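A.B. asks: Task: produce atomic coordinates for the following.
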Amino acid sequence: MVMKKLIYSLLASVFVLTACFEDEGNYDYVETNPPHWLVDYTQPTYFVGYQNGNITLDGSSFFTWDTDSLKRSEEVRYEWIINGKSVAEGIKVTLNTEELMEKAGIEEYSGSMGTYGSFNVVEKSTGVKYMAKIMLWCYPKYSGGNWIILADKDNNAKLSAIRDFSEIENGAVVTKYEIIQDAYEEANNGESIPGKPLGMNWALDRHIGQNGSITVITDQGGYELNAEDLSFYAKIDAEQFLNGTPANFELMARVDHDGTDLYQPATFLASSDGQIYTRVMSKNYLGGKYLSEPYYIDDKGYKVSMFGNALFNGMIPCYDEKNRRILIATVNLQEVSVGDDKLLISQPKVVALSGSPQYGAPVGQFPEGTEMLYIGLNKFTTMNGQMVFVCLYNEPGKVGTQLRHFAVYTTGLKINEEAFQFLFTDFEMPERLDASNHIVSSGSNRVPQTAQLAARSIFYSMGTDVYCIQYAASYLSGYRKIKMALNDVTSPVTYMTIAFYNCDQLFVGCENGDVLIYDINSYDMPILLFKGNVGGKVLKVRQLGAQSTQNDKFNV
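C.D. replies: Numbering: from 1, shown residues only. Now for the predicted structure:
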């Protein structure tokens, strides 16, 4: 029986093979002439559009024809497919951003991911398609990498913005910059922000906009803006407090511990009387009000008027002027029971550091008369689970400014009291800085070399000059002081900050309104990328963009 089945199978195979030969000539064979792709058609080519702007979809640089190009171009048509929908035909098409989003069925501006599509070359006679992948990014007016600038113009708040965008010139991608003067007035029907400017904050605030919020602080209060277009959202007043605005509340500073998958977002406000007010919002930013009672630390009381630089949602340092000690603001996870379930809820927490480190800053009690100029991260290290901060301050009886470090364990919020626990050299600077000198440092834990270099550097200004104290990579080999070659800075520096993601750009703002962006891949040879003027003394600058738990907030 098995032998019979085998014989039948062999005969069937012969029959099929013979039928195939006999069928030769019954098909129409068409010779294809596909485009010669000049791009990797398997990987998406990016197209970028901005709110109220135009997007040009241009496929002419994608390919060429190996034979008669004129004849072939008449034999094909071109189509653009985005989000599974046909949005345009033609090799080069220009559309308004919002019109293109509507045709593609895109309801929100791009966040961390664009929208896939394809550029198709279609044979008219057969419908055969040759496809190259594309990706569309649609951004609001202000998006990742843009800079928001607060200036003081005749004691009035002036908000400007610098947008960067890419263009193709002679086949190469070139970054261009555009400065938007009076950006707040443009978005709010010509109205201005009331009051004399004091400060500015960026927060993730998803309930306000995809890019979060910008809070402008003046002597008239705090004004929350949608960071997508700087339109007014709300004033921080009685409606945002649980039991009405606290007595004598005058907002001086704001800092945020932004939300993650684990932590709920929390906000800390400092009032002119030095008290801190807190709120916790739900993870989806749909609820949460400020407590109308100030945060209680201990019986000593406190007075806080400044917050220091921190990571996206790390420990936030601040200085208690009353007791001359360092405080750490953060969010604590607490387990609560709801019926039979156990839930983790986030609670704001402010802790006073105590103890006497063998080396470094006297965090528990600075000498009487201390003038704190700056506190911020200077290194993030996973070794022993600690973060390293630097503080610069003036001490009575000392000629120069003190530069001292301290390390705090992420668990327990206790200082590391061991000698040389941070491996940075502390010293008294030859200069005596004051509030007119701007200082910035980084605690970035990102991989790029520029980020690692920034995490062992401290920048400070003196008049029109900018200096950098750069610690050696081994940490034990000392440091060097660099006078940065910023020859285009001709007015006293009033603010500095660093590009938060890769720490590869230095932003300098000046007394006369000049704003300058430098490429600092080399601290010894910075390259000027852009110079403009915002028409007022630069007070604060914030950069927009998707943040991570490894990068600085730079909200000082």
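A.B. asks: All the strands of the stretch 451-556 of the chain, residue numbers only.
C.D. replies: 457-462, 465-471, 479-483, 493-498, 505-510, 514-519, 527-533, 537-543 (DSSP state E, counting those that start in this stretch).
A.B. asks: what would these look like in CSV with distance to residue 426 and mean neighbour count?
C.D. replies: For glycine as for every other residue, the C-beta is placed from the backbone atoms N, C-alpha and C. Shown next, in CSV, are the strands of the stretch 451-556 of the chain (distance: least, CB to CB, whole Å; neighbours: other CB atoms under 10 Å):
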stretch, distance to residue 426, mean neighbour count
strand 457-462, 12, 22
strand 465-471, 11, 19
strand 479-483, 10, 13
strand 493-498, 22, 23
strand 505-510, 24, 25
strand 514-519, 28, 20
strand 527-533, 32, 16
strand 537-543, 28, 22
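A.B. asks: Might one say that residue 330 is in contact with residue 317?
C.D. replies: No: contact criterion CB atoms under 8 Å: residue 330 and residue 317 do not qualify, at 10.0 Å.
A.B. asks: tell me the secondary structure for residue 430?
C.D. replies: Of the three states, residue 430 takes coil according to DSSP: H, G, I helix; E, B strand; the rest coil.
A.B. asks: For the residue lying closest to it once chain neighbours are set aside, give me its contacts.
C.D. replies: In space, and not counting its chain neighbours, residue 430 is closest to residue 400: 5.5 Å by CB to CB, 6 or more residues apart in numbering. Contacts for residue 400 (CB atoms under 8 Å, 6 or more residues apart in numbering) come out as 428, 429, 430, 431, 432.
A.B. asks: distance of the first one from residue 66?
C.D. replies: Separation of residue 428 from residue 66 (CB to CB, to the nearest Å) stands at 72 Å.
A.B. asks: one step back: now the contacts of residue 400: which count as buried?
C.D. replies: For those, a burial check counting by 16 or more other CB atoms under 10 Å picks out residue 429.
A.B. asks: mind checking the end-to-end distance for stretch 426-441?
C.D. replies: 15 Å (CA to CA, to the nearest Å).
A.B. asks: Compute the distance from the centre of that stretch to the centre of its chain.
C.D. replies: 26 Å (CA atoms, centre = their mean, to the nearest Å).
A.B. asks: ditto for stretch 63-82
C.D. replies: 41 Å.
A.B. asks: With stretch 509-524 instead?
C.D. replies: 18 Å.
A.B. asks: and the end-to-end length of it?
C.D. replies: The first residue of stretch 509-524 is 20 Å away from its last residue (CA to CA).
A.B. asks: What's the mean pLDDT across it?
C.D. replies: The average pLDDT within stretch 509-524 is 98.
A.B. asks: Dump the strands of the stretch 451-556 of the chain to JSON lines, plus distance to residue 305.
C.D. replies: JSON lines is the format used below for these (distance: least, CB to CB, whole Å):
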{"stretch": "strand 457-462", "distance to residue 305": "20"}
{"stretch": "strand 465-471", "distance to residue 305": "25"}
{"stretch": "strand 479-483", "distance to residue 305": "30"}
{"stretch": "strand 493-498", "distance to residue 305": "18"}
{"stretch": "strand 505-510", "distance to residue 305": "21"}
{"stretch": "strand 514-519", "distance to residue 305": "26"}
{"stretch": "strand 527-533", "distance to residue 305": "30"}
{"stretch": "strand 537-543", "distance to residue 305": "15"}
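A.B. asks: Do a quick rundown of the strands in the stretch 1-150 of the chain.
C.D. replies: Using DSSP E, counting those that start in this stretch, strands in the stretch 1-150 of the chain cover 36-37, 45-50, 54-58, 63-64, 76-82, 85-89, 92-96, 115-123, 129-139, 147-153.
A.B. asks: Check which strands are paired with the fourth one and give the direction for each one.
C.D. replies: Each strand that strand 63-64 pairs with, and the sense of that pairing, follows from DSSP bridges: strand 36-37 (antiparallel).
A.B. asks: next one: the third one
C.D. replies: With DSSP bridges as the criterion, the sheet partners recorded for strand 54-58 are strand 92-96 (antiparallel).
A.B. asks: could you give the angle of the partner strand to strand 85-89?
C.D. replies: Counting by axes from the mean of the first three to the mean of the last three CA atoms, to 10 degrees, strand 92-96 lies at 120 degrees to strand 85-89.
A.B. asks: Averaged pLDDT, strand 92-96. What do you get?
C.D. replies: Mean predicted confidence for strand 92-96 is 96.
A.B. asks: If you count neighbours, what's buried in that strand?
C.D. replies: So for strand 92-96, counting by 16+ other CB under 10 Å, buried means 93, 95.
A.B. asks: from the chain's centre, how far out does it sit?
C.D. replies: Distance, centroid of strand 92-96 to centroid of chain: 30 Å (CA atoms, centre = their mean).
A.B. asks: cool, and stretch 182-195?
C.D. replies: 24 Å.
A.B. asks: Now tell me what touches it from outside.
C.D. replies: Under CB under 8 Å, 6+ apart, the answer for stretch 182-195 is 141-142, 148, 156-161, 180, 216, 218-221, 223, 225, 229-232.
A.B. asks: Next up, identify which helix or strand residue 202 is on.
C.D. replies: strand 197-203 (DSSP states H and E).
A.B. asks: right, and the helix or strand after that strand?
C.D. replies: Taking DSSP H and E, what comes next after strand 197-203 is strand 213-218.
A.B. asks: Next, the distance between the ends of stretch 72-91.
C.D. replies: 13 Å.
A.B. asks: So for that stretch, what gets flagged as buried?
C.D. replies: Result for stretch 72-91 [16+ other CB under 10 Å]: buried residues 72, 76, 78, 79, 80, 81, 82, 87, 88, 91.
A.B. asks: farthest-separated two in the residues you listed?
C.D. replies: Farthest-apart pair in these is 72 and 82; separation 25.1 Å (CB to CB).
A.B. asks: Please identify the most buried of the strands of the stretch 1-150 of the chain.
C.D. replies: strand 147-153 (a mean of 23; mean count of other CB atoms under 10 Å).
A.B. asks: Centre of the chain to that strand, how far?
C.D. replies: 18 Å.
A.B. asks: For it, which strands pair with it and how are they oriented?
C.D. replies: When DSSP bridges is applied, strand 147-153 pairs with strand 156-169 (antiparallel), strand 537-543 (antiparallel).
A.B. asks: What are the contacting residues of stretch 314-321?
C.D. replies: Stretch 314-321 has contacts (CB under 8 Å, 6+ apart) with 255, 257, 268, 270, 274, 302-310, 325-330, 350, 352, 372, 375-377, 380, 387, 389, 391, 408, 410, 413, 443, 549.
A.B. asks: Tell me the pLDDT of residue 130.
C.D. replies: pLDDT, residue 130: 97.
A.B. asks: no no, residue 2
C.D. replies: At residue 2, pLDDT is 46.
A.B. asks: and the residue nearest to residue 430, what element?
C.D. replies: With DSSP H and E as the criterion, the answer for residue 400 is that it lies in no helix or strand.
A.B. asks: could we number from 386 for the rest of this?
C.D. replies: Okay, using 386 as the starting number, the last item reads as residue 785.
A.B. asks: pLDDT (mean, whole number) over the strand holding residue 587?
C.D. replies: For strand 582-588, the per-residue pLDDT averages 96.
A.B. asks: cool, and stretch 667-684?
C.D. replies: On average, stretch 667-684 scores 93.
A.B. asks: List the buried residues of that stretch.
C.D. replies: Here stretch 667-684 shows 670, 673, 675, 679, 680, 682 as buried, counting by 16+ other CB under 10 Å.
A.B. asks: and stretch 562-582, how far apart are its ends?
C.D. replies: Termini of stretch 562-582 sit 26 Å apart (CA to CA).
A.B. asks: How far away from the center of its chain is that stretch?
C.D. replies: So, by CA atoms, centre = their mean, the centroid of stretch 562-582 is 22 Å from its chain's centroid.
A.B. asks: what's the answer for stretch 633-648, then?
C.D. replies: 17 Å.
A.B. asks: For that stretch, buried residues please.
C.D. replies: 634, 636, 637, 638, 639, 640, 641, 642, 643, 644, 645, 648.
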